[in-house]
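Chemist: Using only what follows, build the 3D model:
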Amino acid sequence: MCLIWTSTLRCLLALYLMSGLVACGSFANCFNSGFASVACGGGYRDSDVSSLPPPTTTSAEGRWTGSTRTGRTVAGLVLEDGSYWLFYTARDNPHVLAGLIQGTGTSHSGSFGSPNTRDFHLEDAGIRAGRMSGTYVPKQSFHATIVYFNGETERVTSTYDGAAESPPNLTLVAGTYAGLHADHHTVTVTFDVAGTLSGHTSDGCPMTGTLSPRAKGNAFLISMTFGGGACRQRTETLTGVALYDAATNRLYSAALNRARTTSFLFLGTKQ
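Modeler: Next up, the predicted model:
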């Protein structure tokens, strides 16, 4: 029984609503007729609704570390737009970069699929096309199978890298990195605290560019311009991503042209 006038008013309104329900014939018809739901207590005001947290979006987004079934170490990145960059090393040698698996996919209810996978394989200087399917548990695991159009397959098993939760830090990354390229030439790249890039290969290819922090994912955007001459990329400007592994002082970077027909891949250790 409603004991004070505010409660009485609410109860009267509730009785009025019940009368309206009888007149409308159903609850849905009452909404269509313009009735508002009023009862003794409960519900959200407009200000309450605006303060509610947004729904959580689940996807394969994040940084991932793992391996392939053929004994290669994988350092991977899946961005919020669905693009993925999976660096893999030589067999049983995590210090030498052997290639990159790249494309754009879609996350849905624990499944991940991509129709446009490309594998930039440094060991044979080739590009293999295929498609990817996989499964993920947000911030826990990401497993993928790549089926190449030539019939070959590869599998990647990885777990979430908590470093994705940290903001990218140019000051931490700044320094000089050296790495061995697949053609056995040494690549040396230097970054300053402003993100300015300069470098060269031991066979005489100069490069310049920039490194800038991304808003999410503890990763960087990279742009590299090659100086012609001995450069396989001639004078083209390539763009891509880079990620820094603070535990090993290693920087992984990949830059592609728009058509994904030319690439520059680099794994260097800070000197």
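
Chemist: Kindly list the single helix or strand of this structure that scores lowest on mean pLDDT.
Modeler: helix 27-32 (a mean of 37; mean pLDDT, DSSP states H and E).

Chemist: how many neighbours does residue 190 have?
Modeler: 16 (other CB atoms under 10 Å). Where you see a C-beta, it was placed from the backbone N, CA and C, and this is true even at glycine.

Chemist: give me the element it is part of.
Modeler: strand 186-191 (DSSP states H and E).

Chemist: Note down every partner strand of the very next helix or strand once past that strand and its orientation.
Modeler: The element immediately downstream of strand 186-191 (helix or strand, assigned by DSSP H and E) is strand 196-201. Each strand that pairs with strand 196-201, with its direction, by DSSP bridges: strand 186-191 (antiparallel), strand 206-213 (antiparallel).

Chemist: quick one: which of the ones you listed is nearest residue 153?
Modeler: strand 186-191 (30.4 Å; CB to CB).

Chemist: Pull the contacting residues for the residue sitting nearest the centre point of the chain.
Modeler: Nearest to the mean C-alpha position of the chain, by CA atoms, centre = their mean, lies residue 79 at 1.7 Å. Contact analysis of residue 79 by CB atoms under 8 Å, 6 or more residues apart in numbering lists 61, 85, 214, 216-217, 219, 241.

Chemist: now do 10 Å
Modeler: 59-62, 85, 104, 214, 216-217, 219, 241 (CB atoms under 10 Å, 6 or more residues apart in numbering).

Chemist: Out of those residues, who's the most crowded?
Modeler: residue 60 (28 neighbours).

Chemist: Can you tell me the number of residues neighbouring the nearest residue to it once chain neighbours are set aside?
Modeler: Closest residue to residue 60 apart from its sequence neighbours, by CB to CB, 6 or more residues apart in numbering: residue 136 at 4.1 Å. The number of residues packed near residue 136 is 24, by other CB under 10 Å.
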